[in-house]
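> coordinates for the following, if possible.
(2 chains)
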Amino acid sequence: MESKRFISTLHCLAGVGFALVLSAPTLAADDSACLECHGSRQQVTDAASAMDLKLTPDRIGKLVVQPAQTGTVHDGIGCTDCHPKATEVPHPAGMLQDNPCATCHDDALKQLNKSSHRDPAGGSQLRAECWACHGAHNVRSVKDPQSAVAPINVIGRCLACHNKRAYLVGVHGQAVQLAGLDVAATCVSCHGAHDILAPSEAGSRVARRNISFTCGKCHGRVAEIYRKSVHGAALMADDNPDVPTCVDCHEAHGTPDPTTPRFRLASPQICGRCHNDRTMMAKYGLSTNVYKTYVADFHGTTAELFRATSPDQPLNQAVCYDCHGYHDVESVRKVGQAQIDKRLLVRCQVCHKGATASFLSAWTGHYIPSPTKYAPIYWVRVFYRLVIPGTIGFFLLYIAVDVWGRRRNRRSS
Amino acid sequence: MGPPPESEVLVNAQVEKVGRFTTRHIANHWLMLATFLGLVITGMPQKYAAAMWAKGIVLIIGGVERMRFIHHMLGTIMALQLLWHVVEEVWLHLVRRRAMPMVPWVSDVKDFVQQVKYNLGMAKQPPRMDRYTFAEKLEYLALVWGTAVMVLTGLVLLYPVRWSSLFPGEWILAAKAAHGGEAVLAFLSILTWHVYFVHVRHWNTAIFTGKLDEEAYAEEHPLELARIRRSEPPPPAPRQRWRVVLFAVVTVVLVAGVVALMVWLRGTGAGLGAFKAARFS
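Sure thing, here's the model as predicted:
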């Protein structure tokens, strides 16, 4: 009886031991030899001193390799699969000179060699090595939240080299980080992954011509409307270098929320960047008075004061896009004056209930009053331009004579 | 020329003060001072919105909306002051049959010419003026005229939609140009004409204390001072029934007209509420 119980206990223990071995499957038989030296800082230090090698603390840290955990895509691949020279001890120089990833991921490397991250000299010294983004030993699927290239983590990978921190406070950055929206745009959504190209290159996802399609992956209807607008159509037709693309108004990285009062109040200045630029507008025969006349009008004055003093307060006055639209901006030359008046009245009536056609001229349509256009305004202005200096000049002249006369009379008396 | 000899004796003893304004005048001036300055402070930043100082004033007041609210309230008070003044003057002139000493007349042009001649040494004597000098009358004219322009154009700006049913919309912008131009004219006039005559030429505190030094009175208002000295009783003015009735009719018509105007204009301003409902529903 005693011996029987002893044997069954042994069986149990063996079973538990076997299960333990199974639960660490990546610890392949030959990997355990590597981990004897690379398992911890202490082991690396001991091995180095045994070989009379002097290592910096930073270097030691890099040489510590934790056994890859379950869930990495490289489950079951041993150390020597990527580090074939590791069988020699002490290890020879150039352990990573030949990119080990290329063995399996040749397609990705080919893409990379055509991208901005390729070796500028044409060699194999990539500007961003595979492991700079994917990690070295803990490579995981993009869909795995622990992956270095998962939406929440890939931002940090790119920002490590590229100083585009504005993204973090933009709508997309906030959506990914705070709202946990993995569908919101990260760096790779717009720039691509292995095939990233600079915006100046024609094939780039973020080249002027392609931006609307890149944004359109998520903002499809908006992008389509934009490409039909006066701005988008000019870009599509002849690569116009002046018209705005999505990022000219919305910013590429720090994209602000366009539904906020802050964006609304800043919008006239966004339009003004181009429409207040004399040289640019001259190319198209457009007037730069549009911005000046807007700011001089009641709506523009209010918007300007709101923007400067309370940028987060909702504004109840029209800004450029309330009348012109935003993604669907149309040239006023295409539609006749009659059509403009018709549409404008509808727009005015949104805020000015009961406005009739005679109300329309309460806005000069960006024209500066002259004797032939908006004459009453012109003449009132002329009147005060003459009367103010005339009156005040007369006052000052009289006062000067009075001061002089009183002084003279006092002296003579 | 010069002050009469007896006043020289008085200077050494105690300066004699002559009563010039009543409490009603003093209160009127304080009210006008407050509304005028308040309207300038809350109005100029709207005309010169691009300037840094304009934004500073808006920040101090606490926002454009609040500034506009204050501007409209003060404007309303000033409009009521104008209405009150008209009714009061009609009462004093029509019923009490008082003279209207502030209204400019041909004699003021003569006084002005005389004063200029005297200052230039072309005349031996300065003009002998009555209760109000031509300088004061000019300011009164400018004030009444200016207030009327500001109130009317201001009402047009407050209710643009309703007014555009009477005249083309561009008139509203013309009213805006006039409102701004008249404001600058009024402010600069106060800064030059008013400041010179009551702060620089004389430090004249009569409108706050109600009294003016006898010496200054003799120089600026010799005709009135002489009348005060003679202590002439005012001409008899028996109250006539038809005058009271006419006053009542004028007052009722005026007040009813203002009320009717406000009823007509009511609810035609553009508000944030209407905007929000249209945009976000």
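> poorly predicted segments of the chain, please.
You didn't pick a chain, so chain A it is. Across chain A, residues meeting the criterion (pLDDT under 70) sit at A:1-30, A:67-70, A:97, A:413.
> that's the wrong chain, I meant chain B
Per-residue confidence for chain B (pLDDT under 70) gives these ranges: B:1-14, B:269-281.
> one more time with 50
Residues of chain B meeting the criterion pLDDT under 50: B:1-12, B:272-281.
> now the helices for it?
Taking DSSP state H as the criterion, chain B carries its helices at B:5-13, B:23-47, B:52-61, B:64-90, B:106-119, B:134-158, B:160-163, B:170-189, B:195, B:206-209, B:214-220, B:222-230, B:241-265, B:272-280.
> likewise for the stretch 101-250 of chain A?
Here the stretch 101-250 of chain A has its helices, by DSSP state H, counting those that start in this stretch, at A:106-112, A:130-134, A:151-159, A:166-169, A:171-177, A:187-191, A:208-216, A:220-228, A:230-238, A:246-250.
> want to throw those into CSV with mean neighbour count and distance to chain B?
C-beta here means a position set from N, CA and C on the backbone, and glycine is covered the same way. As requested, the helices of the stretch 101-250 of chain A are exported to CSV (neighbours: other C-beta atoms under 10 Å in any protein chain shown; distance: least, C-beta to the nearest C-beta, whole Å):
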stretch, mean neighbour count, distance to chain B
helix A:106-112, 16, 46
helix A:130-134, 18, 43
helix A:151-159, 18, 31
helix A:166-169, 17, 25
helix A:171-177, 19, 19
helix A:187-191, 20, 29
helix A:208-216, 19, 24
helix A:220-228, 16, 18
helix A:230-238, 17, 23
helix A:246-250, 19, 20
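> now those as a markdown table including distance to A:Y384?
Formatted as a markdown table, the helices of the stretch 101-250 of chain A follow (distance: least, C-beta to C-beta, whole Å):
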| stretch | distance to A:Y384 |
| --- | --- |
| helix A:106-112 | 69 |
| helix A:130-134 | 67 |
| helix A:151-159 | 57 |
| helix A:166-169 | 47 |
| helix A:171-177 | 47 |
| helix A:187-191 | 54 |
| helix A:208-216 | 48 |
| helix A:220-228 | 44 |
| helix A:230-238 | 38 |
| helix A:246-250 | 38 |
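> coming back round to it: just send the helices of chain B back as TSV, with mean neighbour count too.
As requested, the helices of chain B are arranged in TSV below (neighbours: other C-beta atoms under 10 Å in any protein chain shown):
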stretch	mean neighbour count
helix B:5-13	10
helix B:23-47	16
helix B:52-61	16
helix B:64-90	17
helix B:106-119	16
helix B:134-158	19
helix B:160-163	22
helix B:170-189	21
helix B:195	13
helix B:206-209	16
helix B:214-220	20
helix B:222-230	14
helix B:241-265	12
helix B:272-280	12
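> can you tell which of the helices of the stretch 101-250 of chain A is closest to A:K373?
helix A:230-238 (24.2 Å; C-beta to C-beta).
> buried residues, stretch A:51-66. List them.
Using 16 or more other C-beta atoms under 10 Å in any protein chain shown as the burial criterion, the residues of stretch A:51-66 that qualify are A:60, A:63, A:65.
> what about it, start to end distance?
Using C-alpha to C-alpha, to the nearest Å, the span of stretch A:51-66 from its first residue to its last is 22 Å.
> just to revisit the earlier point, A:L265: which of the helices of chain B is closest?
Closest approach to A:L265 among the helices of chain B (C-beta to C-beta): helix B:64-90, 11.3 Å.
> what's the closest one packed up against?
Here helix B:64-90 touches helix A:298-309, helix B:23-47, helix B:52-61, helix B:134-158, helix B:241-265, going by 3 or more C-beta pairs under 8 Å, 6 or more residues apart in numbering or on different chains; DSSP states H and E.
> that older thread, could the helices of chain B go into JSON lines alongside distance to A:P261?
As requested, those are exported to JSON lines (distance: least, C-beta to C-beta, whole Å):
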{"stretch": "helix B:5-13", "distance to A:P261": "66"}
{"stretch": "helix B:23-47", "distance to A:P261": "20"}
{"stretch": "helix B:52-61", "distance to A:P261": "16"}
{"stretch": "helix B:64-90", "distance to A:P261": "13"}
{"stretch": "helix B:106-119", "distance to A:P261": "55"}
{"stretch": "helix B:134-158", "distance to A:P261": "24"}
{"stretch": "helix B:160-163", "distance to A:P261": "24"}
{"stretch": "helix B:170-189", "distance to A:P261": "25"}
{"stretch": "helix B:195", "distance to A:P261": "42"}
{"stretch": "helix B:206-209", "distance to A:P261": "46"}
{"stretch": "helix B:214-220", "distance to A:P261": "57"}
{"stretch": "helix B:222-230", "distance to A:P261": "60"}
{"stretch": "helix B:241-265", "distance to A:P261": "29"}
{"stretch": "helix B:272-280", "distance to A:P261": "12"}
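> for A:H219, find the nearest of the ones you listed.
A:H219 sits nearest to helix B:272-280 of all the helices of chain B, at 20.6 Å, using C-beta to C-beta.
> who in the stretch 101-250 of chain B is up against chain A?
Taking C-beta under 8 Å from any C-beta of the partner chain as the criterion, the stretch 101-250 of chain B approaches chain A at residues B:115-116, B:118-121, B:157, B:160-162, B:164-165, B:167-174, B:176-178, B:180-182, B:184-185, B:188-189, B:192-193, B:196, B:201.
> format the helices and strands packed on helix B:64-90 as JSON lines; extra columns: distance to A:R157.
Formatted as JSON lines, the entries for the helices and strands packed on helix B:64-90 read as follows, by distance: least, C-beta to C-beta, whole Å:
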{"stretch": "helix A:298-309", "distance to A:R157": "37"}
{"stretch": "helix B:23-47", "distance to A:R157": "50"}
{"stretch": "helix B:52-61", "distance to A:R157": "43"}
{"stretch": "helix B:134-158", "distance to A:R157": "58"}
{"stretch": "helix B:241-265", "distance to A:R157": "64"}
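> which residues touch A:D52?
Listed by C-beta atoms under 8 Å, 6 or more residues apart in numbering or on different chains, A:D52 has no contact partners.
> can you classify it as helix, strand or coil?
Per DSSP: H, G, I helix; E, B strand; the rest coil, the secondary structure class of A:D52 is coil.
> which phi and psi does it have?
Geometry field for A:D52 lists phi and psi as phi 60, psi 40, criterion degrees, to the nearest 10.
> quick check: closest non-adjacent residue to A:D119.
Of all residues beyond its chain neighbours, the one nearest A:D119 is A:Q125 (4.5 Å), with distances taken as C-beta to C-beta, 6 or more residues apart in numbering or on different chains.
> okay, now the one you found: neighbour count?
Taking other C-beta atoms under 10 Å in any protein chain shown as the criterion, the count of residues near A:Q125 is 10.
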